[in-house]
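*Asks:* Next input, structure requested:
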Amino acid sequence: MAGRRAFVRGAAVLTGGTLLLRLSGILFRSYLCVRIGDAGMGLYQLIFSLFALAVTACTSGLGLAVTRLAAEGGGALGTLRRCVLLAFSASLAAGAALWAGASPLALQVLSSPLAVRPLRILACGLPFMACCACLKGWFLAEGRPGVPAAADILEQAVSIGTGVGLLNVLPPLEALMLGSTLGEVSSFSLAGLCFLRCAKGKKRGAPAPVRGILRIAVPVVSSSFVRSGLSSLENLLVPRGFRLHGADLESSLSQYGRMQAVAMPVIWFPAAIVTSVCQLLVPELAGAAARGDKAAIRRTAGKAIRFTLTFSFFVTALLIVFADPLCRFFFQSAEAGNLLRIMAPIVPLMYVDNVVDGMLKGLDQQMFSFRCNLADSLLRVAAVALLLPLWGMAGYAAILFFSEIFNASLSIYRLLRVTELDADPVTWVVLPAVGAALLYYLLSLLLAFF
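*Replies:* Numbering: from 1, shown residues only. Okay, here's the model as predicted:
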């Protein structure tokens, strides 16, 4: 009972923090859309798409390794120390590569000299981001989710506050990237101070061997890096596809910005509730797997899938009904409302795929996730290159639908096999879908009446 209360308390802390972060992110993007326009948002998003490659190289696997190994009973402090050293080394290499490659990336890939200095500014924050990811993994394994949540909130506050404050002093993209980098520094500083306080008196213990750390981290890093690389390639091909479909450069960046910088953040905003639970499920499932408690694994996985699907079906109904007022209120964009309504029906698969992927990593299935994500990314890149010049935005929406169906189907099938869990289509899908449909009609009638 105490463990369940701790889990619920941790989930509430992470959910509240994540919702606050995403709401502030949406409000910030709303302000930026007015300040720099859809085309500026498109370039802003493309810069972060390239930066994501460097972030993935030094953060994606080691934080998970700390959480997994500490939850499984390894020497948490010794393991953390090794992971921080590995993360710091990787971040220096990734930062140097991004700094050196900023000019050719900006001029030849993004076709914009305005992106050179923003990329170099972002490169300076990589060591802080990488080490902070390891510290957050340790806090999650220790059952202290409030520290990662507080660090994320501080990072967001500093990033937004500094970025907005510098907009009148520096060029917009440089101001925003400097704010982001200072946010990473502040997040690491808070997490480091909390770690020094919480680690007092704890025995270091025998650290996990480097081979054990790499066995977890390398597949996750490889999967994330390959997928991030293909995602970056896809993001670069999308504006190109819109141009081949007949749009000019500014219009293509505007279409890309409306989808990725406006519609998708609104879609992912409610997912904070399920992704927070997912973060806590990794150490929970890792501990159950280490004990060989298959019944606990099946029970946890079944509850997670049922909750995620029920929640996401109702989110779908709300997004369809309120797509236009949401996008008009936050972004003054009727076009984004149309995109949001089109993408809303795929929300259940997007959310459940995210949660299932996290559970698979907690069950030592990261190699399957790597193969699945690689196949999905390859198909998306090929489809973007072939279909966008023919169908434009309609083709892009169709690609996103197919990708989510493909990836979620494989991940769910794998989870059912690994956990020996029996699927329950009625409880998982039919009843939530009927309830969401009734909610949609009720809300539509109320809106029409008032």
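
*Asks:* Would you confirm that residue 153 contacts residue 17?
*Replies:* Yes. Residue 153 is in contact with residue 17 according to CB atoms under 8 Å; the separation is 5.6 Å. All C-beta spots, glycine's among them, are computed from the backbone N, C-alpha and C.

*Asks:* between those two, who's got more neighbours?
*Replies:* Higher neighbour count among residue 153 and residue 17: residue 17, with 21 against 18, using other CB atoms under 10 Å.

*Asks:* quick one: the closest residue to that one other than its chain neighbours from residue 31, how far?
*Replies:* Leaving aside its sequence neighbours, residue 17 sits nearest to residue 149 (CB to CB, 6 or more residues apart in numbering; 3.1 Å). In this view, residue 149 and residue 31 are 24 Å apart by CB to CB, to the nearest Å.

*Asks:* And the two? Which one has more around it.
*Replies:* Set residue 149 next to residue 31 and count neighbours by other CB under 10 Å: residue 149 wins out with 23 against 16.

*Asks:* Provide a complete list of residue ranges assigned to strands in the stretch 201-350 of the chain.
*Replies:* For the stretch 201-350 of the chain, applying DSSP state E, counting those that start in this stretch gives no strands.

*Asks:* low-scoring stretches of it, by residue?
*Replies:* 201, 203-207, 223, 249, 277-282 (pLDDT under 70).

*Asks:* 80 instead, please
*Replies:* Within the stretch 201-350 of the chain, the ranges that satisfy pLDDT under 80 run 201-228, 231, 247-262, 272-290, 329-336.

*Asks:* So for the longest helix seen in the chain, mean pLDDT?
*Replies:* The longest helix of the chain (DSSP state H) is helix 2-59. For helix 2-59, the mean per-residue pLDDT is 76.

*Asks:* got it, and stretch 423-433?
*Replies:* Taken as a whole, stretch 423-433 has a mean pLDDT of 91.

*Asks:* One more: stretch 161-168?
*Replies:* Mean pLDDT, stretch 161-168: 90.

*Asks:* Now that stretch: buried residues?
*Replies:* 162-164, 166-167 (16 or more other CB atoms under 10 Å).

*Asks:* Tabulate those residues (TSV), appending distance to residue 433.
*Replies:* Shown next, in TSV, are these (distance: CB to CB, whole Å):
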residue	distance to residue 433
162	44
163	41
164	42
166	47
167	45
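
*Asks:* Make TSV out of those and add secondary structure.
*Replies:* As requested, the buried residues of stretch 161-168 are exported to TSV (DSSP: H, G, I helix; E, B strand; the rest coil):
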residue	secondary structure
162	helix
163	helix
164	helix
166	helix
167	coil
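
*Asks:* which of these lies closest to residue 37?
*Replies:* For these, the minimum distance to residue 37 (CB to CB) is 13.6 Å, reached by residue 167.

*Asks:* Quick check, the closest one in contact with residue 175.
*Replies:* Yes. Between residue 167 and residue 175 there is a contact at 4.9 Å, judged by CB under 8 Å.

*Asks:* Quick check: next helix or strand after the longest helix of the chain?
*Replies:* Next along the chain after helix 2-59, taking DSSP states H and E as the criterion, comes helix 62-71.

*Asks:* what's next to that following helix, contact-wise?
*Replies:* Defining contact as CB atoms under 8 Å, 6 or more residues apart in numbering, one finds that helix 62-71 is touched by 76, 79-80, 83, 86-87, 90, 130, 133-134, 136-138, 140-142, 208, 212-213, 216-217, 220-221, 282-284, 286-287, 290, 361-362.

*Asks:* Ok, stretch 108-126 next?
*Replies:* Outside stretch 108-126, the residues that touch it by CB under 8 Å, 6+ apart are 43, 46-47, 50-51, 54-55, 58, 91-92, 94-96, 98-99, 102-103, 105-107, 171, 173-174, 176-178, 180-182, 184-185, 236, 249.

*Asks:* Identify those among those residues that sit within helices.
*Replies:* Of the contacts of stretch 108-126, the ones assigned to helices by DSSP H are 43, 46-47, 50-51, 54-55, 58, 91-92, 94-96, 98-99, 102-103, 173-174, 176-178, 180-182, 184-185, 236, 249.

*Asks:* which of the contacts of helix 62-71 are buried?
*Replies:* Neighbour-count burial (16+ other CB under 10 Å) applied to these gives 76, 79-80, 83, 86-87, 90, 130, 133-134, 136-138, 140-142, 208, 212-213, 216-217, 220-221, 282-284, 286-287, 361-362.

*Asks:* Alright, I will stop here.
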